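A.B. asks: Sequence below, structure please.
(chains A and B, ligands or ions: 2)
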Amino acid sequence: MNKQPIISIQGLSKTYDGGFQALRDVDLEIRKGEIFALLGPNGAGKTTLINIVCGIVNPTEGRVTVDGHDIITGYRATRSMIGLVPQELPTEAFETVWNTVSFSRGLFGKPANPGHIESVLKSLSLWDKKDNKMMTLSGGMKRRVLIAKALSHEPRILFLDEPTAGVDVELRQDMWNLVRGLRDSGVTIILTTHYIEEAEQMAERVGVINQGSLILVQEKQELMDRLGNKQLRLHLHEPLESIPEALSGFDLEFVPESCELIYTYHSQRERTGVTMLLLALGEERITFHDVDTKQSSLEEIFVNLVTWEK
Amino acid sequence: MNLYAVKAIYVFEMARTFRTIYQSILAPVISTSLYFVVFGAAIGSRITAVEGVSYGAFIVPGLVMLSLLTQSISNASFGIYFPRFTGTIYEVLSAPISYVEILLGYVGAAATKSIILGVIILATATLFVPLQVAHPLIMLTFLVLTSVTFSLFGFIIGIWADGFEKLQIIPLLVVMPLTFLGGSFYSVNMLPPFWQTVTLFNPVVYLVSGFRWSFYELADVSLWVSIGMTGVFLTGCLVTVWWIFRTGYRLKA
Ligand SMILES: Nc1ncnc2c1ncn2[C@@H]1O[C@H](COP(=O)(O)OP(=O)(O)O)[C@@H](O)[C@H]1O
Ligand SMILES: [Mg+2]
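C.D. replies: Ligands and ions are numbered 1, 2, ... in the order given. Sure, this is the predicted structure:
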């Protein structure tokens, strides 16, 4: 893969009026043509970071370049390369889909091209809605229109800020197909999310941000290896005195009050040991009436990451 | 120069006008006609001509100015306040567009609407009173200058306002009184000397006076003072807008 950075962020900090520091000394390079996920809980600073690169928020300190151009002194060059799909769904209620998408293209300095707008609308299943007013559309449809607006000017970089918030399964699937298609055509994609699964499903690299600091940036596979702890909970019919000798080879924990046997394993490994454990339980004649699995929550992972980094 | 962007904003804003055509064009035309009926015909018939110009004709320039001022301010302030309110401003802020281009789009559209409106009101006026324009070019200059200046002023209000209330308050509490007391319906010379002096601090006096001069060669203050004062106000607005964009005041966090 091409490892040349298309966005380069150095020492970026943001303190909002009122004194709240939303970003702390962030360094980050986004590679040309990759899908990058910025993962972090609500309030971590993801939107702030995106908004600075796009020119919506002023940076307090630091420097950002896009394809070699500074975002402040070379804003015309940098902004015309970028399409942004914001987290919120602000729309012009009385405008039609067609007009609002065409408006975006003009705003970004491109001559009218009805053919392109048509193909964008079709790719987002919006073509039959093109003459509808924005206020008649559902939330999911509005999200599609905002994506169409961002794609109307043929950006080389696309920011998707929490693209699946409040979005139904169908649109989510359409959206991922679209994103992959764009990536294949050479567009660099940066998305933010607070769902690990989403980062896992889509991204090639993941950056984890918490309380304004970028904690780590890694290839997705490496990160998942580190984060992929899962717990298998078995609800037993009868309580155990102690964990039998035959099961001592497994990383097991018994909670007497709830009759739960908890097995912690690594979901990304080839061998998780789940089959072995269940067979061993059968041989010991330990029966259970329910089972569930649980992935570590983002919060737990952050705790792990932060302690791990120390 | 990102001309496509200027055009996009301009066309978008003009389209908004035509969508709300009744509110934007018809309402001011009707209210102006009512002024003619009340002040021109009903009351005006009992008022003697002012320096040889019938009262109905005398108030035409003032009425046009009244509409230009209020409409320029409300159009321009609404034009920029609304995207801030709904959040759609994010797109303008993230576009490869300079401050000058943003102004050309928003203020240009607001001023265009005012100019169209001014012309429509003048045309309406000819239905009620005999109208003569002694200096069409100067008349047009005032029309354009006033529209642009007060559209800029409206743009500033639209950025300063953080609620619909603030959006209304300046036009209502400042502009309306200044316009009414600015010689729209009377010649400043009709006032007692003390109030004549007070009036000179009202910027609208200069606009109305200069504008009226272009019709009837009747003026409260000299033409050049009128043009000069308008220029001063225009410059003040430009400096304020320049500061807003430099600091990102209420536009960028
Ligand atoms: N305009 C603003 N003024 C003051 N604080 C803000 C502003 N925007 C965001 N914040 C604060 O900055 C922090 C980061 O916000 P944000 O970047 O939106 O986080 P995320 O997108 O990761 O949820 C939050 O605590 C938020 O309250
Ligand atoms: Mg956010």
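A.B. asks: What are the contacting residues of the helix ranked longest in chain A?
C.D. replies: Longest helix of chain A, by residue count under DSSP state H: helix A:169-184. Contacts to helix A:169-184, defined as Cβ atoms under 8 Å, 6 or more residues apart in numbering or on different chains, come from residues A:33-35, A:123-125, A:140, A:143-144, A:147, A:151, A:158, A:160, A:163-164, A:167, A:189, A:191, A:201-202. (Each C-beta comes from the backbone N, C-alpha and C, glycine too.)
A.B. asks: Let's see that with 10 Å instead.
C.D. replies: Identification of contacts with helix A:169-184 by Cβ atoms under 10 Å, 6 or more residues apart in numbering or on different chains yields A:33-35, A:83, A:85, A:120, A:123-125, A:138-141, A:143-144, A:147, A:151, A:155-156, A:158, A:160, A:163-164, A:167-168, A:187-189, A:191, A:198, A:201-202, A:204.
A.B. asks: Give me the buried positions along it.
C.D. replies: A:171, A:174-176, A:178-179, A:182-183 (16 or more other Cβ atoms under 10 Å in any protein chain shown).
A.B. asks: Just the C-alpha atoms of that helix, please, in PDB.
C.D. replies: Taking C-alpha atoms only, helix A:169-184 is exported to PDB below (Å, rounded to 0.1, in the frame of the first residue of the first chain):
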ATOM      1  CA  VAL A 169     -29.000  -1.700   9.000                       C
ATOM      2  CA  GLU A 170     -29.800  -1.300   5.300                       C
ATOM      3  CA  LEU A 171     -28.200   2.100   5.000                       C
ATOM      4  CA  ARG A 172     -25.300   1.000   7.000                       C
ATOM      5  CA  GLN A 173     -24.600  -1.800   4.500                       C
ATOM      6  CA  ASP A 174     -25.100   0.600   1.600                       C
ATOM      7  CA  MET A 175     -22.800   3.000   3.200                       C
ATOM      8  CA  TRP A 176     -20.000   0.500   3.700                       C
ATOM      9  CA  ASN A 177     -20.300  -0.700   0.200                       C
ATOM     10  CA  LEU A 178     -20.100   2.900  -1.000                       C
ATOM     11  CA  VAL A 179     -17.100   3.600   1.200                       C
ATOM     12  CA  ARG A 180     -15.300   0.600  -0.100                       C
ATOM     13  CA  GLY A 181     -16.100   1.600  -3.700                       C
ATOM     14  CA  LEU A 182     -14.700   5.100  -3.000                       C
ATOM     15  CA  ARG A 183     -11.500   3.700  -1.400                       C
ATOM     16  CA  ASP A 184     -11.000   1.500  -4.500                       C
END
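A.B. asks: So what's the gap between that helix and the chain middle?
C.D. replies: Distance of helix A:169-184 from the chain centroid (Cα atoms, centre = their mean, to the nearest Å) equals 13 Å.
A.B. asks: quick one: average confidence on that helix?
C.D. replies: On average, the pLDDT along helix A:169-184 is 89.
A.B. asks: Repeat that for stretch B:216-231.
C.D. replies: The model assigns stretch B:216-231 a mean pLDDT of 90.
A.B. asks: for stretch A:188-202, same thing?
C.D. replies: On average, stretch A:188-202 scores 87.
A.B. asks: Show me where chain B has its helices.
C.D. replies: B:3-19, B:21, B:27-35, B:55-58, B:60-86, B:89-93, B:99-126, B:136-160, B:164-170, B:176-180, B:193-199, B:203-216, B:223-247.
A.B. asks: How about the residues of chain B by ligand 1?
C.D. replies: For chain B, the residues in contact with ligand 1 (Cβ under 6 Å from any ligand atom) are residue B:253.
A.B. asks: can you pull the contacts of the residue in the stretch 1-150 of chain B positioned nearest to ligand 2?
C.D. replies: Distances between the stretch 1-150 of chain B and ligand 2 by Cβ to the ion are smallest at residue B:90, namely 12.6 Å. If a contact means Cβ under 10 Å, 6+ apart, then residue B:90 has A:51, A:54-56, A:84, A:86-88, A:90, A:146, B:83-84 as its contacts.
A.B. asks: Might you report the residue contacts of the closest residue to residue B:184 other than its chain neighbours?
C.D. replies: Among residues not flanking residue B:184 along the chain, residue B:62 sits closest, at 2.9 Å (Cβ to Cβ, 6 or more residues apart in numbering or on different chains). Shown in contact with residue B:62 (Cβ under 10 Å, 6+ apart): B:35, B:39, B:179-180, B:182-186, B:204, B:207-209, B:211-212.
A.B. asks: quick check, nearest of those residues to residue B:79?
C.D. replies: Comparing the contacts of residue B:62 against residue B:79 with Cβ to Cβ places residue B:179 closest, at 21.0 Å.
A.B. asks: quick revisit: quickly, which of the helices of chain B bottoms out on average pLDDT?
C.D. replies: Taking the mean pLDDT of the helices of chain B, helix B:21 comes last: a mean of 78.
A.B. asks: Give the residue spans of chain A that score low on pLDDT.
C.D. replies: Where chain A drops to pLDDT under 70, the residues are A:1-3, A:226-228, A:268, A:296-310.
A.B. asks: Double-check that residue A:84 belongs to a strand.
C.D. replies: Yes - when DSSP: H, G, I helix; E, B strand; the rest coil is applied, residue A:84 is found to be in a strand.
A.B. asks: tell me, what residue is most central in chain B?
C.D. replies: Centroid-nearest residue in chain B: residue B:69, 2.4 Å away (criterion: Cα atoms, centre = their mean).
A.B. asks: Do I have it right that that residue meets residue B:170?
C.D. replies: No - counting by Cβ atoms under 10 Å, residue B:69 does not reach residue B:170; the two are 11.2 Å apart.
A.B. asks: Spell out which residues of chain B are next to chain A.
C.D. replies: B:1-12, B:15-16, B:19-20, B:82-83, B:85-98, B:101, B:105, B:247-248, B:251-253 (Cβ under 10 Å from any Cβ of the partner chain).
A.B. asks: Just the buried residues of these.
C.D. replies: For the residues of chain B next to chain A, buried by 16+ other Cβ under 10 Å: B:2, B:4-12, B:16, B:82-83, B:85, B:88-98, B:101, B:105, B:251.
A.B. asks: pretty sure residue A:156 contacts residue A:67?
C.D. replies: Yes - using Cβ under 10 Å, residue A:156 is in contact with residue A:67, at 7.7 Å.
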